[in-house]
Every structure is written in C-alpha cells, then in structure tokens.
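1. Generate a structure from the sequence data that follows.
(4 chains, ligands or ions: 6)
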Amino acid sequence: MVKTVEERERVVIRFAGDSGDGMQLTGDRFTNATAMLGNDLATLPDFPAEIRAPAGTVHGVSAFQIQFASTDVTTPGDHADVLVAMNPAALKADLDTVAKGGTIILNEDAFTPRNIEKAGYREDPTADGTLDAYQVFRVPMTSITVRAVEHVGISKKEAERAKNMFALGLVSWMYGRPTDTTLSWLERKFGGKQEILDANVAAFNAGYNFGETTELFAHQVRVEAAPVEPGTYRNVAGAQALAWGLIAASDRSGLPLFYASYPITPASELLHELSKHKNFGVITVQAEDEIAAVNMALGAAFTGQLGVTGTSGPGLDLKAETLGLAVITELPLIVVDVMRAGPSTGMPTKTEQSDLLPAMFGRHGESPMPIVAASSPADCFEVAVEAAKVAVDYRTPVTILSDTFLQNSSEPWRLPELDSLPTIDPAFATANGDAFLPYARNDRLARPWAVPGTEGLEHRIGGLEREDGTGDISYEADNHERMTRLRRDKVAGIARDLPPLEVDDPDGNANVLVLGWGSTAGTIRAAVRRLRGEGRSVARAHLRWLNPFPENLGEVVSRYPKVLIPEINTGHLAMLIRARFLVDAASFAKVQGMPIFAEELERAIVELLDD
Amino acid sequence: MVKTVEERERVVIRFAGDSGDGMQLTGDRFTNATAMLGNDLATLPDFPAEIRAPAGTVHGVSAFQIQFASTDVTTPGDHADVLVAMNPAALKADLDTVAKGGTIILNEDAFTPRNIEKAGYREDPTADGTLDAYQVFRVPMTSITVRAVEHVGISKKEAERAKNMFALGLVSWMYGRPTDTTLSWLERKFGGKQEILDANVAAFNAGYNFGETTELFAHQVRVEAAPVEPGTYRNVAGAQALAWGLIAASDRSGLPLFYASYPITPASELLHELSKHKNFGVITVQAEDEIAAVNMALGAAFTGQLGVTGTSGPGLDLKAETLGLAVITELPLIVVDVMRAGPSTGMPTKTEQSDLLPAMFGRHGESPMPIVAASSPADCFEVAVEAAKVAVDYRTPVTILSDTFLQNSSEPWRLPELDSLPTIDPAFATANGDAFLPYARNDRLARPWAVPGTEGLEHRIGGLEREDGTGDISYEADNHERMTRLRRDKVAGIARDLPPLEVDDPDGNANVLVLGWGSTAGTIRAAVRRLRGEGRSVARAHLRWLNPFPENLGEVVSRYPKVLIPEINTGHLAMLIRARFLVDAASFAKVQGMPIFAEELERAIVELLDD
Amino acid sequence: MTDLDGTIGTGDGAGADTPGGVATLTKKDFTSDQEPRWCPGCGDYAILAAVQGFMPELGIAPKDTVFVSGIGCSGRFTYYMDTYGFHGIHGRAPAIATGVATANPDLHVWVVTGDGDGLSIGGNHLIHALRRNVNIKILMFNNQIYGLTKGQYSPTSEEGKVTKSTPFGSVDRPFNPMGLALGAAATFVARTLDNDRQHLTEVLRQATRHPGAAFVEIYQNCNVFNDGAFDLLRDKSLGLHNQIRLVDGEPIVFDEGTRCVRVGENGRYEIATVADTDPASIVTHDVHGSPSLAFALAHLSEGPTGPTAIGIFREVDRPTYGEAVHAQVDRARERLGPPDLGTLLGGGDTWTV
Amino acid sequence: MTDLDGTIGTGDGAGADTPGGVATLTKKDFTSDQEPRWCPGCGDYAILAAVQGFMPELGIAPKDTVFVSGIGCSGRFTYYMDTYGFHGIHGRAPAIATGVATANPDLHVWVVTGDGDGLSIGGNHLIHALRRNVNIKILMFNNQIYGLTKGQYSPTSEEGKVTKSTPFGSVDRPFNPMGLALGAAATFVARTLDNDRQHLTEVLRQATRHPGAAFVEIYQNCNVFNDGAFDLLRDKSLGLHNQIRLVDGEPIVFDEGTRCVRVGENGRYEIATVADTDPASIVTHDVHGSPSLAFALAHLSEGPTGPTAIGIFREVDRPTYGEAVHAQVDRARERLGPPDLGTLLGGGDTWTV
Ligand SMILES: Cc1ncc(C[n+]2csc(CCOP(=O)(O)OP(=O)(O)O)c2C)c(N)n1
Ligand SMILES: Cc1ncc(C[n+]2csc(CCOP(=O)(O)OP(=O)(O)O)c2C)c(N)n1
Ligand code: SF4
Ligand code: SF4
Ligand SMILES: [Mg+2]
Ligand SMILES: [Mg+2]
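-> Ligands and ions are numbered 1, 2, ... in the order given. Okay, here's the model as predicted:
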C-alpha cells in the first residue's frame, strides 16, 4: 500500500524493555543511523538502579531516549513522542515520560497475565483504559521475529532474542532511517557467527517490512537533516569525550597520563575507557580506595606526569585532605568529580549538581582550587584539555565537574583539528647553577616543577606551611599570611587567561539573565529559544569556570534587572554570585536526580518576568 | 628598705624559658595566686612546635602569658608589660611580644657566650643595645637558687631545676601575689619527696625576698581585685571545659558518653581529659583513624548513646563522607573540630578559624549540618551542652567549632548551678502496636530514635536515599526532592529554639556593627571597649550558632550602615552573611596562626568608620 | 568443639550460651518485608537463606540482633533481615559495628561485607577490628569481583584477571584472606561455601559460640561477572577431591582419604599422598595455640585453584574489646567513686566571691 | 644472599646491580642543610646517620633517589636527606610512593613511616603496597608510641600500656608487624635495631637488592615517651641472650649457641635448649618458599618481651608492580600500534558533512 509522508522538525523516541532486551544497543544503532542521516540529536540511556532486579519487574527496566531534529537539539527531550515498550514493566515504568497524545508501540506477545502482574499492574493496562490518552500500536514482535528467523535454524530462545532488531527495523521504517548503516554494523559485529547474523538481519528486515506493508501504520515521518558546520562528525558520550580529552592533553603536553582511581558509579566508565588505551602510554591504577588513588596521582605528578584521579561525591569527600596537600605542595593535578544524586550513598545512578560548594570549600584551612565544568557530552573533551593546561601552567590541582547525565548521554561531535588544540608546556625546572628555590614564583605566581632525576634540583616538599621562596618549613606568622594570600591570588589570577563571559542576548534589551553552569546548558538553551519564539526577550550565559569567575561576570550580572540561576542543587552558584556581587540572583532549584526539563525552566522564567 | 606601691588597672606578664625550665607550671601557679586574689584574668600558653628542639634554641622556647586586672579581662593581652626570660633563646623568641618601654627580667646566669650563640644572637643582646628601649633587670637566678637550696643537700643539677620557683617568687612579690596558695600547692605536689619540696620552697622564698630586700626593685605593683558576680570560681581551659560539658550533657540526658577519636593536635587534649573520667561511664576509644572514629561514634549513637568524635582540620576532611551518612540516617552525633592553622598539615600548633566553610559545605550532595562555636574557654562548657541538646532533639549531627587558642587558654569560670543546666530528653521510640515508621517526623521534623534492644521496632537505616515515612530505599524523584528539603528545613528550624542575637549598642546610634563568632569574642570586646573609651560609638554582636543563624540576624545586620566581620580566616562568615542578606559586610581577615590583637581591630574599625 | 560433620543437634546451638534466649523463633522472624534484589542465580540468595534458617536456633531475639553492612551487592543483605540493621558506607562496616558492639555488649552484632568492601577500601578497619577482638561476626562474601559496580577486579581476583578495569589483565597479586586475618591476630578464622548449607551453617554456629571477632570468608559465586570462580570446590564431584575439610583434633586427610597434609622437611607442611606418607607425620588439625599451623594451611593453595582448606582454621579465646572497655569503667568507678558532676567541676583550686 | 655477619664488602653493595651508579658519593651528598629537630637522645638520629652513611655505597645519585614520609617524628626524616623528598600527610606515604615508583621505575624510592603512621591510619595502604610488590623500600620506625603527638599508645604498644589516652591502660592486642606484613603477602620482610648500625646497614643493603617492596621494621627508642621499650634487645648484654639473629641457610641458634628453634610436635616450631635437642630437628632458616616458617618465627615472641628474631624473615622474587604496569604499556603498543590521536577520535562510526 502507498503511505503518506509527514514532515516533522523534531521527534523524541524512547526504547524501553527488560535489562535483557538489548534496548541500549537498539538505541545506539538508531542513534547512529540518525546521525548518518544528518539530524542533530541528543540521547540519554536510563539504566536500572545498580542491582539487577528479577526480569519483568519495573526495577529491571532499561530505557534509551533520543531526540533528533532538523534544527539544533540541545537535550534528549522532556517527553517522548514515541515509546517502544517491549513488556508491561517497561510500559509501567515509562508511561509518564510519554507526552499526552503520544504514540506507544507495544510488544503484544509480552503482555501475558503473568508479565502484567510482575509489572505490578492489577489489570491489563492495554484493556483497562490506562492508554486511552495515547495512540497505541500492538505488534506481536516476538512471534513475528521467531517466524522471520525460522529458516536460520537457531533455537526459539535465541530467535526471540532478536526481537529488539525487529523493533529497530520497525522504527527505522517509521522515521525513514537508512538501513545500510545498521546492516553493515551487524555484519561487523556478528561476522563470525553466521546464524546469529542471519537471525538479526532477518528480524531487522522483518520489522522494516512490517512497517511498510501492514495497514497498521498509515504514514511515515520524515525529519530533514539539520544544517551543521561542515566537518567530520561522530557521536560521543561524556565519559568517552572526557577520557579522550585527558589523552589529548597528555599528547599535547608530552606528559604521560597517570590515572589512579577507585571504581564508583558513575565515574568508573573513565577508568574503563582509559585502561583501553595503554598504547598512548596511559597508566591506569585501580587503587585500594579513593584516598590512595589521589595520593598515587599526586605522587605521579611529583615525578612529572599528568596525574589525574576520578571519582564521584563520596570519593570526593575522601580525597579532600589530600587535595589540601596538593594545594600546599602546588603540584599540577586533576580531580574529576562525576556528580551523582544525594548525600551519602544517595541515588548512585541519578544525576545532580550538588558538589559545587564542596569542590569550592570542602577542604580544611584555606585551600583554594580552580573549578571547571563541562556543559555537554562533547564539551567534556575541551574541558579536560583546558583543565590540564591550567593545572600545568599554574602548578595547581584543578577540579573538573561532570555529572551522571553528561557522563551517559551522547551527541554528535565535530572532530577537532588536532593542531587547533592548545599546546601545554610543562616547563620543567632545570639547574642553572644558583641555589634552587622550590617556592620561587613566576608572573603567574606558579612555582618551579622540578622532577626527580633532575641533577642539582633535589628538594623536599610537604604539607607543613612552606617558607616563601625556599620552601623550607616555616611557622612564622607573616609568612603564613603571605603564603595564604599567594595561594589565593594564584588561583584568582587564572581569570586573566579566561575569555570574558559571552552573553547571548540578541536584542540586548532582555530584563532577565538566565545564568547556568554545567549540564543544564542544553535545557537553558532550549527554554530560552522557546521563549524567544514566543517573542519574549531573555538573555542567557553559561559559566565554564566556577573558580575563578571570568573577569566580566560582575559587570554582566549587574547589567540585568533580574538574574535566574537554574541548578540541580539547592542553589550553590546562586549563593556564590550573591556573596561576591551582592546581586539578588534568584535560584531555580530542582533536586530530583534528573535533568531540569526545558518546559519547567520556561515556566520559571516567565514567572520571574511577570512578577 | 621601704618600697613604694604603685596602683595599676591591668598587667600582662609573660614567662619564657626553655622547654625544660617549667614555664607552664610557673605560669599556672602565678595564675592561681592571681585568681585567688580576685583579679579577672586570661592566660595563653605558647608551646614550641611539635618536635622538641635542642635545649637553648629558639625552637625550644616555651612561654606562658597572663593578663590580669581590676576590671574585666577579655584577652591574654596584645603585648607583655613584663617578660621573664630564663635564657637568651627566650629573649630572642619573645622580645617582640614586649611593649616598648616594658620590663624585662633576665636570668643573668644563662647569658653565657655559648647560650647566646645557641639562641642565634651574634652579640650579647644585653650589651649591644638591643634592649635599650626596655627597662631591664639582670638577676642571677640560677646561682642564687643554688645557694638558697644548698642546705637541702640535693645535687647542683636538681637545685638548678628549682630556678623557676625563684622567678615565681620574685614576680609574686613584684605584684603582691599571696604566697600561701603557692606554698600549699607545693606541699600537696611534693608532699612525698621532702627534699624536692624543701628545695622548691626555699627557691620560691628566695625569689620573694630578693624582690623585697634588694635595691634592684624600687617599688611593688598592686592590682585590685575585680568586681565579679558572687559565686564559686575556678580557672578553666577550653579543653577541660569542653570535655566537662560533654560529660554534663551525658549526665543531663542519661545517655552514656561514647567518645571515639584519633589523636591530633590540638584536639588530643579532649581524648586525654575524657579518658580520665571513665567513672562517669564515659567510653573513650582511640580509633585507627578519623574515619573509624566517626563511624564508631555513629554506631554508638545508633545504640542510643551520646556519640561524639573530636578532631582538627585534617581529620574533619576525613570524616566528611561519614558525616553525610549521619545526615541521611538522622542520628544524633557531635563532631568537635578544634581548628588549627593552614591547609594540609599547615601549622599544627597555631590557631585559625578557617574551617567554618568546610563545616558548612564540606560534604558532597546536599547534607546540611548545624554548627555552633564557642566564644571563650569557659563558654566551651555551655556550647557542648547546647550542641548535645540540639543533636538529640533534632536527631542530627552537630559540629562544634573550637580552636587552638580556646583549647589552650584559660580564664576564671563561675561554676554553674547544676540544676540550671538544660535537661536533655532522648525520647527513645517505643512500640505502640502500629507499624513502625522510622522516618516519620514530629513537629521539629525529627524522626524516631529507635534503639536496638527495643521489641517491635526492628528497622534498617543506611546511606541510600530513604522513602519519606517508611525509610525504605527509594530512587523516586519527588521523594528525593522532598527528603532534600526536609533535611534542610529540619536544620533551619533549629532557629526557632535559638535566642535572638543580642546586640551590645549602648547608645543605639552606632553606625558600625562589629559581628564576630568563636574565639575572637574577647578581642572584639576589648577593641570596642577602647573605642567607646575614646568616645566613639560602636555596636557589637557575637554569633554562637553559625547554622542556622538566629532569626533576627537579617534584621540586625541591615540595621547598621556598616558591618565589620573580623575573622582568623579569609572571610568565611562575611561571605555567608553577604550571600544570605545581600549586605555589604566588610571582612577584617588576619591569617597568621595567632589571635587578632585588640589594637589591630581597633585600627580597622576606625578606618572603616572614617572612610 | 569444631566438629563439622553436622551431627551436632541444633538444639545444642540454642543452648546454655544464649541466656535470655527466646524459645520459639522461626525463619520468618528474621525475614524482612523487602524482596531481595540480587541477580537471579546469585550465591547471595543461598547465604541469605542459610543465615535466616540458622538464626532461630540461637534463640536470640531479632530485637537484640544487629546487622551492619557496607556497600556492594553483599551490602544489601542487611535489608533482608528483620533485625536492627545499619547499611553503612563503603568499607566502614567494621568500624560502625565496633561502635555498636562496644557501646552495648548485650547486642549480637554481625557484619556483612564483600571482598572489595572488606579488603580494598575497608581493609584497615577490618584488621583493626580483628586485632581488637571486637565481639562481631564478620561474614565476607568473597566473589573475587566487584559486583555492584558491574565487574572490576578485586583484591582477591586472581593475577591476570581480565575485567572492565583491566582489559589487559590485572597485574597485582591477590590477598590471601585467611592469611591476612591471621596476620592481623584474629581469634577466629574460618572459610566456607555459599552452596554447602550444612557446612556454612556449622561454621556460623561455631562463629556465634566464639567470644570475640570471628572472620568468616564465604566463597560466593557471582554468576554475572565472575561465574564459576569456585567450581573446583563448589562442584560436588570436583569438591570431593579438592576440599580439605578441617576438623579440630583430626588428622588432615582429604580426597576420599587418599591425600593428606604432612610435616615435611625442616618442618614445612606439605600436601602428599597418604600411601607414601608415614602416618606419624600426618598433621593433626589444631585450631588453638600458635597461629602458624593455620597460616600454613591457608597457604597450601593460593586461591581456589587447587586443594583448598575449608572450615575453621583458628579459634582461640581472648577477652573481647567490649568486655575490657566496660570492665575499665567498672574499675574506674571503684577507684574514683561514683560519678558526681559537682565534684568534677568543683575539684581542684576554686575560690568563692 | 642474606649473609648478615657484615663481611660483605661495601664495594660489593655498590656493584653490578646499580647501573648508572655514581662512583664517588659521600655521606655529605645525602645530608641536607636542615638541622635535625628530634629530642636529644632519640633513636631517629642513629637511623638517620646509618642511612646517610649507607646510601653512598649504592652508587645511586641523590637526584635519582626519592624519600617519601608520613606524619610523625619519623616523618621528619625526609627533610634531612639531600635527595628528592615528599613529606606527605598522615598514613598516605605508601600510596604517594606507589605513584612515584609506578610512574617512574628508574627512581629509587624509600618510604619512612612510624608505627602509628604505617599501621594505624596507614595500615591499608601499607598492606596493599606490599601485596602489589611496588618497588619501594619501607622503613617503619617502631617506637611503640605516638611520639609527635606527645605520647598516646600505638597499634604496637603492649597490652595494658598506660599513656595519655589510656590512663587506665590500653585494652587492645597489638599488631605483630612481621606477621601482618607476611599476611599481606610481602616479598621482603625484615626487622632490625636503631642502635646496631652494622645489622641495620646490612638489612638496608639486602632490602635495596630486593626487587620489589621491602618492609623493614626498625625498633626505635623514643627516650621521651617510651624509653627502654626494646632494652631486652638493644642492651648489649641482654641482647646477647635475646636476639635471635636470622641467617638464611643457617640453623637457628642463639643465646651464645645454647638455645635454638626446633621442629616440635605436629610440626610446631618452638624454642628449646640445644643441649636437649636432636640436632636434626633444629630449624634451618630459609627466607624463600612458603611464608609459614617466617610467620612462625615472627610469633616466637609477641613484642620484644622475650627472645626475638631479627634480620631477614622472608625474601622471594616476584615481578614488581611498576615493571608489570609498564610491560603492559609496551604490549599494548604492539597490539594496538603506536599512539595516534587522530585514529582514537576518528575511530568508530563517523560521517562527514
Ligand atoms: C566511597 C565509595 N567508593 C566507591 C563506591 C562504589 N562501590 C560500591 S560497592 C563497590 C565494590 C563492591 O565490591 P564488593 O565489596 O566485592 O561487593 P560485591 O558487590 O562484589 O558483593 C564499590 C567500588 C562507593 N559506593 N563508595
Ligand atoms: C589526618 C591526621 N590525623 C592525625 C594527625 C596527628 N598525628 C601526627 S603524627 C601522629 C602519630 C605519630 O605516631 P607514629 O606514626 O608512631 O610516629 P612517631 O611520632 O612515633 O615517630 C598523629 C596521630 C595528623 N597529622 N593527621
Ligand atoms: S552482580 Fe554478582 S554478586 Fe551482585 S547480585 Fe549479581 S550475581 Fe550477585
Ligand atoms: S618524641 Fe620520641 S620519637 Fe619523637 S623525637 Fe622525641 S624521642 Fe624521638
Ligand atoms: Mg565482591
Ligand atoms: Mg611511633
């Protein structure tokens, strides 16, 4: 039959199923085909909480969401236009993520009384009116798949496992995705195992043809390619981008990368990714705990390597004392904090931005540390390179803040020109005949980095207060005051190297500035764009460095009658801004372990504007 | 010969000698006689840095300073009127603490070329004009002492060790201190060892008579008793007062005191003091590290005891993660942080106030904790009792901030009426038949404290986010937001129980408010009193609770055109006040490992007033 | 007393040494309303069942029982026991439990930890709790992997282990948990298996009878990230040949009586065939005295890759930390008299105005 | 190789196994300009003198030598050596040193720690560094007290110790440092005395020859807070009877040949008089093989209260952590080819617009 084609600017699809149903893989493949087609996109996997729950229960549901469009995409989408639910549990868990009136595609075969009950439904949700507000398609995915792969001659159980490819095929048809990228990927993946390959290919094609041939689907949707800068692109998640950024920094500085870490959700991915690339001279150490990890990294930094340690909140707490040691020994060091939700163990798989103040003030005594935060998955790459440059140029530990959301979500990334990357000069100290002063300073207030093995620069450092210049132990009152201010001024001085904060304020007459940092960038851009669409004028700026602030920040925040600061915490940046500039910045705080939705922020901005 | 008597309002005396010379004991005795005489006073011992230096070097100098007066005394004094220097090193180390024109009493016998050189002097300071600006008395203390105790028949070496008693006797005469308290103390101390007793008594009397009989000292100084509230007094140092306050809280609550700690300067004294009083049922555990200590205290709190852990900055860092666990499990717990100077190991024996922001924000996630700070040595007692009451009433960990200065210095303390102390009601949960909800809340938002051993209240707590009410594990978005706000509001709600901040502003028309917290109270009072003496009107207020703030604080700081906040840090409270109330509070920061001097603050206030 | 053939009646277990015992407890009394959330097939289920099944015989009420755990799959154990429970943070359970057991010696305190929780981040608290002989029963679920964080190697993973964090294989030598515990002066050290309920139960029984710290390593299969790590012992037929079941006072013979541990040259203990061994030189197991026999037995094999001893390696009596601490309080009361706040504050030099 | 009678010429020490060695180094080359600040009479002075006196023979330049220390009186050691030095924070020196030695295997890395720094707060890092066989030489100054913080008991203080923090006596059993190190699978374990310069120097010599982690406990007298703790061994005449000086390959006899260590009943090692001991049953010291002989020797006495073994308990070869880590990098280069940023970023699915 002939099908009509409907044009759409943007679509949000969510694939949901049991942990065993391969939804992440399905999402990845759909993402790839979509990227190839030239749409802009953003994705977010939504894993179940750490421990595997029994199959068929809501706790075992694994989902993957993607937003793609013919214009720029800044978030994975507040709500799904389409939900693919492989079983009742998936429906139960994710129904409220679907926009009212949205489309739901069910694997009918999975809606057995037993599964329905396992999912915690009393009645069959497909029969009791639960789905009245939605457009529902019932597709017996399992049985069709089994039939489609019969000829391959594998067990029914194995055949059934291909049903995610059926779903992928079906949705690929619905949104006119190219099939070749998926098929060639299957070739590469299962090249060895012919039967498995055939089964998956058969299932994929069956799904595609099912869409094309049955009456069930009246029309196909087309989403045009998005206009983007020319270049070579790839899809990248925050974890990869951050790991690769560290490797790039090692490459640009000639400093071997030494990554010591203790596994913790959601930072473990960095350890996993980096440990794959030992051919870059990367050394990865899984330490006995977070304290050991940061001490090992600091020891490596002392020898002239790029010492890095990565963790999440609980680990950041544990590293605090040693970061103080890094501050007073003034060695380059990078600590990556992939923020997760809640105090204590909290909600390890959920996202939050609540480690900003701890990163700023979480060490006894006066121990200032620079802080930089990534604003998107791909941005993690540049942030890593920048952090390394500052750490090396200023001989200081630097904190990189990322979060669960950035770590796991992905977006297309235009590969950088390698020689456009900043060079990083370790500028190791060398003996020049005169007495060596380990705590002498250059115009950046940075001290010499004299590494073991260097003749004539033997010296001792440590955690006791140092005498200005000589670096000897000193309990002298004025020296302590001087060193305290030197350490503070050194970090403050980094601002001189930072570009002024750019404000996005087209007509220059906005009376509210939305100021953000970190992973909320996409949400803020989306919300502001919508409001401008409604003819409201709203200004937007996003901080990359939280300490020090860019030099023009005071001027910027004072320029606007109203300042709104959206954060996934109780108002950390808002408090720093208020204290520093005495402006009555308002805080929009959402602390639910999930990203802020553009529409929530939109409402908040409107309220602030209208009151 | 007859000697004239000169009246004085206040005097500052500093005893300085080698670590082995017994200066602390000399100071203690003089303090006691002074207290008995009814003067108000404040003292400060000044120990050498941790490791014992070779005798005779400046690093080995141990000093003790006391200010006493016929009016109220708030600090040990910015400068000494009299320095007793037992050897050249003591003179070298402490000369700059003496007010120009002040008096210096030297042990002439100790000024041998060898000692002079050991002290790091090139020339004999008593001969080269170094002391021209002072009134110098040379007294051959050692030789006179040896002669005076000859009859006792002990070794010359032992005889010499009594020279500090000679110095005490001399200074006791100069300031008309009673001799009986000292003599009876010697009786008690050396009752057993007759010879040692005789030697010390002989030396003391020799010193006293030396003052009376020789022409060297033309007159005696009299300092009248200070008018004080009637009552029974004792002299107390911060460490004792804090330890006793914890014992008192245990007594008033009926909760056994469980103190787990890891030794660290300057907090070790608490462990030492508490471990002496096991007859109060006090359990003290020297843990393997600070992390173990706070976890042990938390475990004890779970069983229904008053769990307390004490430490200093580096240990506070290490406890951060576990304090987060205490926040989310909502158990009563007290952590005492005796602040010391500098980041990392810093200057362990010096004082500072730089742990306020870490105490406030030094835990990942959103984990609010109440903070209370002591303002004087004796005040440590009440602060401990208050902290315990809040911890128990609100089921929350509480931070007590003290510092090296408070810990070591002492002042007269009017013993409290025991039944005037607040009662503390543990209000343990008991089974009442219905299902037990470990996270149900009362009007204080406090949850039930159900201790093991209680029939029917078996329940599980932990660091994962809890479901409101049931306390079951919950990853639910709204629940996390609700719990985050509940934890914050609970701590904020403590303000309802706090007295409004009292402002000391006699004529009510001051245009500067000096706002302080912690150990700067005495300095601030002294500085403000002097300015008022000069006819300037200055208001003064001192914060006891740093989190939450008293309810009227906003109103108070907004009332004054200018607010000055003196702190021994780079401006922690100033930043909290500015962020919270958007008032342009100025910070007076001194970070030299020592208390702020009244005259320094006086100058700062005047500058602020005059600009 | 460490007869492991299971003939000891359970009635005995709930006997004299549990005063105030409650008569009629059942597994239900120790089962909470939380449904376990481990992966299907996880060894933790078997351990949970064994513990819940065993607890009643102790005759100790749930209200007097406290389970403290760290973070890890093993750490969830606490939520499934209907006793008092404290799910602490990673690695700190022994410290929390030390606080609980020292504050209130009447409580029966258990610690559940994992090979990462207990030996990696928590190693220091573990060895200090053992050294102090705190009265806690420590169950270390050793699956030789980090389960909860989805499969990194642990301090007990065999050398060369390929995991997410070691794609080229781990390069560090694992701990020998029995050896480490003995090196830390532990007073009770034992090893058992998740799937041998009778053996597991008997070890728990002995551990609860032991006054002081008991360290029990339980080989636990993580069927998702490290499946089959202990097959040599867990598999019935393989186990028959490779389990060296220790019984105090009995000669150490195994593999259906064909092999033994004997005193070799220069006093070294070694595995030999009974056939060519002088019976006199076969070692008699002895859980008391010097820890060096136990230490030697712990090193017969490195990890479950050959004949491996299970059962109780060592059991000696020493005063428990809690007892000693409270005894000191009592002695202090005798020496310093009853507590009196007035005397404390008013002691020393005072003056009255 | 562990001949302790000191006949080994020092020339030998600075021989083959120190390539790139510098010919003419003197004590001065290792002495910094900082004047030591320990209490007069402290054992640390003797250790410092011995180390500074020994270093030159290694022929390793100060520039290639790194001393890492923790916090404690012992921690000050670093400042007095004119080498590269890192005075870390309390308990973390083994972790910092692991970073240093793993990052740059060409460096000769020493750790100086104390009984509190190394066994209390730093216990976990210590046992993990030993397990990993990181190429660091760990000198633990054991004075059985917290010196720097002015006299609290430590994890090696004898039970019942009265200190500032234990006015009624400590109630916890101390660690046996040799036993703990052996329990942690250490490859080199030795004990020596601050005041026996020859023995101390020879132990250092063997430690530096050992590839990997060397754990050296040095009994050190704290004359201010714990004077005389080791008199039984440090005192010349007492030491004569109580030092069991271990020499690899030699029978273990001491007390002027009158007493020995022999293989007793059931293979237990015990102290006996030579007179009534069958020479065949006298134990021959063997630093290799299973660690159980060393472990038994470590437990002949608990603390220096009776005959106590000194010298090298154990020495076995295992690849060092640093070697293994770098070997993996090399193998990765072979397998994955030389590093190329372009391929890394551009690998996988890309598309061009
Ligand atoms: C301070 C801290 N660091 C790291 C983690 C992450 N984490 C949770 S469990 C775990 C290890 C679990 O391994 P194991 O103890 O063997 O328990 P299993 O899951 O295998 O039962 C880690 C690294 C954490 N929760 N807290
Ligand atoms: C985190 C931290 N906790 C506590 C301290 C205080 N402290 C310094 S040294 C020390 C113990 C020293 O004992 P030991 O390691 O035996 O060294 P020694 O002084 O006896 O040589 C302690 C508790 C500290 N500096 N840092
Ligand atoms: S990951 Fe392993 S240990 Fe954890 S629940 Fe699953 S099977 Fe059990
Ligand atoms: S306190 Fe003891 S260990 Fe420290 S320097 Fe003095 S004598 Fe040596
Ligand atoms: Mg495990
Ligand atoms: Mg010591």
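2. what sits against A:Gly176?
-> Contacts for A:Gly176 (C-beta atoms under 8 Å, 6 or more residues apart in numbering or on different chains) come out as A:Val5, A:Gln220, A:Val221, A:Arg222, A:Val223. Quick note: C-beta positions are derived from backbone N, CA and C, even for glycine.
3. As TSV, these with secondary structure would be great.
-> Formatted as TSV, the contacts of A:Gly176 follow (DSSP: H, G, I helix; E, B strand; the rest coil):
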residue	secondary structure
A:Val5	strand
A:Gln220	strand
A:Val221	strand
A:Arg222	strand
A:Val223	coil
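4. quick one: which of the residues you listed is most hemmed in?
-> A:Val223 (24 neighbours; other C-beta atoms under 10 Å in any protein chain shown).
5. surely that one meets A:Leu41?
-> No: counting by C-beta atoms under 8 Å, A:Val223 does not reach A:Leu41; the two are 9.8 Å apart.
6. centroid residue for chain C?
-> Central residue of chain C (C-alpha atoms, centre = their mean): C:Val216, 1.8 Å from the mean position.
7. before we move on, what SS does it have?
-> strand.
8. I'd like the distance between it and C:Thr113.
-> 10 Å (C-beta to C-beta, to the nearest Å).
9. Single out the residue in the stretch 151-300 of chain A that lies closest to ligand 2.
-> Nearest residue of the stretch 151-300 of chain A to ligand 2: A:Ile291, at 10.3 Å (C-beta to the nearest ligand atom).
10. The stretch 101-250 of chain C now?
-> C:Asn124 (13.1 Å).
11. Next, the contact list for A:Arg363, please.
-> Counting by C-beta under 8 Å, 6+ apart, A:Arg363 makes contact with A:Ala320, A:Glu321, A:Leu323, A:Gly324, A:Val327, A:Met369, B:Asp317, B:Pro343, B:Pro358, B:Gly362.
12. make that A:Asp21, sorry
-> Contacts of A:Asp21 by C-beta under 8 Å, 6+ apart are A:Ser62, A:Met86, A:Asn87, A:Lys163, A:Asn164.
13. could you redo the last one with a cut-off of 10 Å?
-> If you count contacts by C-beta atoms under 10 Å, 6 or more residues apart in numbering or on different chains, A:Asp21 has them with A:15, A:55, A:60-62, A:86-87, A:90, A:107, A:110, A:160-161, A:163-164, A:167.
14. so which of those comes closest to B:Arg441?
-> Nearest to B:Arg441 among the contacts of A:Asp21: A:Val61, at 31.7 Å, using C-beta to C-beta.
15. can you tell me which residues contact the residue in the stretch 251-400 of chain A positioned nearest to ligand 4?
-> Going by C-beta to the nearest ligand atom, ligand 4 is nearest to A:Leu325 of the stretch 251-400 of chain A, at 22.1 Å. For A:Leu325, the contacting residues are A:294-295, A:298, A:331, A:333, A:363, A:367, A:397, A:461-463, B:314, B:343-345, D:86-89, D:92, D:96, by C-beta under 10 Å, 6+ apart.
16. From chain A, how far out is C:Leu130?
-> Counting by C-beta to the nearest C-beta, to the nearest Å, the gap from C:Leu130 to chain A is 18 Å.
17. For burial, what's the neighbour tally of that residue?
-> The number of residues packed near C:Leu130 is 28, by other C-beta under 10 Å.
18. Please identify which helix or strand holds it.
-> helix C:123-132 (DSSP states H and E).
19. How about A:Met369?
-> Using DSSP H and E, no helix or strand contains A:Met369.
20. Let me know the secondary structure of the spatially most central residue of chain A.
-> Residue closest to the average C-alpha location in chain A (C-alpha atoms, centre = their mean): A:Leu406, at 1.0 Å. Under three-state DSSP, A:Leu406 falls in the helix class.
21. cool, and C:Ser157?
-> coil.
22. quick one: it from chain D, how far?
-> From C:Ser157 to chain D the distance is 12 Å (C-beta to the nearest C-beta).
23. where does the closest residue to that residue other than its chain neighbours sit relative to ligand 5, distance-wise?
-> Nearest residue to C:Ser157, sequence neighbours excluded (C-beta to C-beta, 6 or more residues apart in numbering or on different chains): C:Gln144, at 4.9 Å. Look at C:Gln144 and ligand 5: by C-beta to the ion, to the nearest Å, they are 7 Å apart.
24. Assign a three-state SS to C:Gln144, would you?
-> coil.
25. Can you get me a residue count around it?
-> 24.
26. In contact with it, which residues?
-> Going by C-beta under 10 Å, 6+ apart, the list of residues near C:Gln144 reads C:115-116, C:153-158, C:161, C:174, C:219-222, C:225-226, C:229-230, C:303-304.
27. Keep those, but drop any that are not near ligand 3.
-> Filtering the contacts of C:Gln144 for neighbours of ligand 3 using C-beta under 6 Å from any ligand atom leaves C:Cys222, C:Phe225.
28. Please list the members of the contacts of C:Gln144 that lie in strands.
-> In strands, judged by DSSP state E, the following of the contacts of C:Gln144 are found: C:Tyr219.
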